[in-house]
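Asker: sequence and predicted model, in that order:
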Amino acid sequence: MIEATLCFPRRSRTDGSGNERTDEVLLIEKRRGLGEGWYNGPGGKLEGDETPRECAGRETREEVGLEIDPEALEKAGELTFLLDGEAHTFCHVFRTRSFAGEPTASEEARPEWVPVEDVPYDRMWEDDHLWLPGVLEGKTVVGEFRFEGGPPLDEAEFVNHDLEWDVALGTR
Ligand SMILES: CNc1ncnc2c1ncn2[C@@H]1O[C@H](COP(=O)(O)OP(=O)(O)OP(=O)(O)O)[C@@H](O)[C@H]1O
């Protein structure tokens, strides 16, 4: 089974007049590999003996150039993706308001700050609209999502899911 991460950097922006506050999340448009052409958070597979939060920090730096202290990441979810009845990917989800730098595009990803109200769920993995809104509201989630008819996972059909909210997650 693949162990992977997703990282959702957040910021609040005030417009020129100082009246309108917009809450935003940094998404990427994935330019290659699994989920190519879709929006997601920065993230990817664990390497060597790194911890999930180290992986989330490294992937965010590699994909969009933001510097993130792994300890500043808040664990928000644990998602299991099953393909044809077998565990395919276990994904650790993190969020943070603490980072340095400005997002820049890489070969793998084009970053975009998106108002939390306008997340393009119709251009994301089909399961995302089920768990990402809650994660962006500050909840924690554990979920299982079943896909059939792959591989690859991104060509399989999303069949069903189980979700549990407000779960106490480990410190990994
Ligand atoms: C099924 N529903 C899903 N919903 C939301 N996100 C999903 C996902 N399934 C996989 N993901 C994420 O997609 C990234 C792919 O990992 P990623 O290492 O970029 O894969 P890719 O094939 O491009 O490999 P390399 O770039 O060669 O490492 C990784 O963050 C992983 O958590």
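Answerer: Received it, and whenever you're ready, just let me know what you need.

Asker: what helix or strand is residue 61 located in?
Answerer: If you go by DSSP states H and E, residue 61 is part of helix 52-64.

Asker: would you mark the buried spots in that helix?
Answerer: 52-61, 63-64 (16 or more other CB atoms under 10 Å). Any C-beta I mention is one placed from the backbone N, CA and C, and that applies to glycine too.

Asker: what is the nearest of these to the ligand?
Answerer: Using CB to the nearest ligand atom, residue 59 comes nearest to the ligand of the buried residues of helix 52-64, at 7.0 Å.

Asker: shouldn't the closest one be in contact with residue 43?
Answerer: Yes - using CB atoms under 8 Å, residue 59 and residue 43 qualify as a contacting pair, with a distance of 5.1 Å.

Asker: shared neighbours of these two, which are they?
Answerer: Common neighbours of residue 59 and residue 43, counting by CB atoms under 8 Å, 6 or more residues apart in numbering, are 5, 7.

Asker: so what's the closest residue to the ligand within the chain up against?
Answerer: Closest contact between the chain and the ligand, by CB to the nearest ligand atom, is at residue 33 (2.1 Å). Applying CB under 8 Å, 6+ apart to residue 33 gives the contacts residue 108.

Asker: give me the pLDDT value at it.
Answerer: Note on residue 33: pLDDT of 92.

Asker: specify the local secondary structure of it.
Answerer: Per DSSP: H, G, I helix; E, B strand; the rest coil, the secondary structure class of residue 33 is coil.

Asker: give me the nearest residue to residue 2, chain neighbours excluded.
Answerer: In space, and not counting its chain neighbours, residue 2 is closest to residue 89: 4.5 Å by CB to CB, 6 or more residues apart in numbering.

Asker: element containing the one you found?
Answerer: Per DSSP H and E: residue 89 is located in strand 86-96.

Asker: mind listing residues that contact that strand?
Answerer: By CB under 8 Å, 6+ apart, the list of residues contacting strand 86-96 reads 1-10, 41, 43, 52-53, 55-56, 68, 72-82, 131, 135-136, 141, 147, 150, 153, 172.
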